[in-house]
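Peer 1: I need the structure of the sequence given here:
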Amino acid sequence: MNGLQISIVILSVSFGLFSFFLWVSIMGTATKDRRSVEKRFDKITNRKSGLTVQLQEKKKKRKSMLLSRATGGTEKQSVQRKKLMDTIFNELILADIMMKPEEFCIIWLLLTFVPAGLAALFQAGLMPSATLAAIGAFTPIIFIKTKKGKRIKAFEAQLGDTLIMMCNGLRSGFSFQQTMENVATDMPAPIGIEFSRVCNEIRYGATMEDALNNMVDRVKSADLMLVVSAVLIQRTTGGNLSEILTTISDTIRDRVKIKGEISSITAQGRMSGLIIGALPICIAAVLMVMNPDYMSTFFTTTAGKIMLIVSVVMEIIGFFAIRKVVTIEY
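Peer 2: Okay, the predicted model is just below:
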């Protein structure tokens, strides 16, 4: 296949996927109100009109025909797709990206296929197209990971003040759930949003233990894990919760202070490791796009393959060595 044929295939696949996700998002938005009204109507009344019965019979026939045609793995695939969308949704929430999972998937696919398709369209070759596709596939992941790291740091910076606020509420006679509602109302993002999700889960029937553990699973913060563990133990064994939270608040404040000092001390080493580690990868990616003939030597000759393997191994060893030096456990 030449460059034009490859570009046509890539653009066709990307356009088809883009159209599918766009159609799903449009239909879901267009029928959201109608579906909610139908659900509320079904809950309120038990009487069904003749038209409703006919529509339900048609739906049953369609479902039976689809089930008869479908294989046993269809339900499993739908559950896996739902889990994937839920995972993407949680990652977007944690990264503070106000976007639907379908929209993020569309952007992800466009970044992956469109630059690669354009490169193949202009007959740049297989190596530049594959490099651009890899860059487009990994860029959203790196962006989300960076945003999540910043949000977790902001969450931990707010946690000490939040615990002081909860202690004052407990001493004033409020329950623990009421203090969480006060945090959800008065504290800014991101900690206010997370406590609001906890309060909503409790309102919809989840236990407080499950709601708090879900917040720990979402945020993945060691300081928050310490707080939730202390609260759950206190609910089981008893004790003065306000004093416990005051002690934990002092501990978290000291940990945040130590983190800041360690971050300032190791900033130069971390930046050096980042530049040294990313420089060969960035240069190789640029050369693969701009001068693929020069980089093809590493993939076509024996000496080039050996040099490529050795450089990758040394890059990995250097990355873990620098990470071990600048990472301080406390």
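
Peer 1: contacts, neighbours, all on C-alpha from now
Peer 2: Will do.

Peer 1: ok, which stretches of the stretch 101-250 of the chain are helices?
Peer 2: Applying DSSP state H, counting those that start in this stretch to the stretch 101-250 of the chain gives helices spanning 101-121, 126-171, 176-186, 191-203, 208-219, 222-237, 241-265.

Peer 1: Helix 208-219 and the longest one, what's the angle between them?
Peer 2: Translated: helix 126-171. Calculated by axes from the mean of the first three to the mean of the last three Cα atoms, to 10 degrees, helix 126-171 forms an angle of 140 degrees with helix 208-219.

Peer 1: Report the angle between helix 126-171 and helix 176-186.
Peer 2: 120 degrees.

Peer 1: again with the last one
Peer 2: Computed with the same axes, to 10 degrees, the direction of helix 241-265 lies at 40 degrees from that of helix 176-186.

Peer 1: what's Thr301 sitting at in phi/psi?
Peer 2: phi -110, psi 160 (degrees, to the nearest 10).

Peer 1: and it, how many residues sit next to it?
Peer 2: Counted with other Cα atoms under 10 Å, the neighbours of Thr301 add up to 11.

Peer 1: Quickly list the domain ranges of this structure.
Peer 2: 31-67, 149-265, 266-326 (automatic domain parsing).

Peer 1: Deepest in the core, which of those domains is it.
Peer 2: Among these, domain 149-265 has the highest mean neighbour count (mean count of other Cα atoms under 10 Å), at a mean of 16.

Peer 1: what's the span of that one, first residue to last?
Peer 2: 19 Å (Cα to Cα, to the nearest Å).

Peer 1: Now it: average pLDDT?
Peer 2: For domain 149-265, the mean per-residue pLDDT is 88.

Peer 1: again, but for stretch 100-117
Peer 2: Averaging pLDDT along stretch 100-117 yields 84.

Peer 1: Name the residue closest to the centre of the protein, please.
Peer 2: Centroid-nearest residue in the chain, with Cα atoms, centre = their mean: Glu91, separated by 1.7 Å.

Peer 1: Verify the stated contact: it with Ile142.
Peer 2: No. Here Glu91 does not reach Ile142: they are 12.0 Å apart, not a contact under Cα atoms under 8 Å.

Peer 1: what's the angle from the helix or strand containing Ala278 to helix 101-121?
Peer 2: Take DSSP states H and E as the rule and Ala278 turns out to sit in helix 267-290. Computed by the same axes, to 10 degrees, the angle separating helix 267-290 from helix 101-121 equals 50 degrees.

Peer 1: could you give the mean pLDDT of the very next helix or strand once past helix 267-290?
Peer 2: Per DSSP H and E, the first helix or strand lying C-terminal to helix 267-290 is helix 292-295. Per-residue pLDDT over helix 292-295 has a mean of 84.

Peer 1: Could you check how far the helix or strand just after helix 292-295 is from the centre of its chain?
Peer 2: The first helix or strand that comes after helix 292-295 along the chain, using DSSP H and E, is helix 297-300. Centre-to-centre, helix 297-300 and its host chain are 36 Å apart (Cα atoms, centre = their mean, to the nearest Å).

Peer 1: Repeat that for stretch 108-128.
Peer 2: Distance of stretch 108-128 from the chain centroid (Cα atoms, centre = their mean) equals 26 Å.

Peer 1: State the distance from Cys199 to Ile262.
Peer 2: Taking Cα to Cα, one finds Cys199 at 35 Å from Ile262.

Peer 1: ignore the last one, Leu308
Peer 2: In terms of Cα to Cα, Leu308 sits 35 Å off from Ile262.

Peer 1: One more: Ser196?
Peer 2: 32 Å.

Peer 1: Repeat that for Ser311.
Peer 2: Relative to Ile262, Ser311 is positioned 31 Å away (Cα to Cα).

Peer 1: Would you format the helices of the stretch 101-250 of the chain as TSV with distance to Pro292 included?
Peer 2: As requested, the helices of the stretch 101-250 of the chain are exported to TSV (distance: least, Cα to Cα, whole Å):
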stretch	distance to Pro292
helix 101-121	12
helix 126-171	6
helix 176-186	54
helix 191-203	48
helix 208-219	42
helix 222-237	46
helix 241-265	40
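
Peer 1: Nearest to Met85, out of those?
Peer 2: Met85 lies closest, by Cα to Cα, to one member of the helices of the stretch 101-250 of the chain: helix 101-121, at 6.1 Å.

Peer 1: So what does Ser221 look like in phi/psi?
Peer 2: Dihedral angles (degrees, to the nearest 10) for Ser221: phi -120, psi 130.

Peer 1: quick one, what contacts it?
Peer 2: Contact analysis of Ser221 by Cα atoms under 8 Å, 6 or more residues apart in numbering lists Ile152, Glu156.

Peer 1: The one 10 residues further on too?
Peer 2: Taking Cα under 8 Å, 6+ apart as the criterion, Val231 is in contact with Leu241.

Peer 1: could you redo the last one with a cut-off of 10 Å?
Peer 2: If you count contacts by Cα atoms under 10 Å, 6 or more residues apart in numbering, Val231 has them with Phe176, Glu209, Leu212, Met225, Gly238, Gly239, Leu241, Ile244, Leu245.
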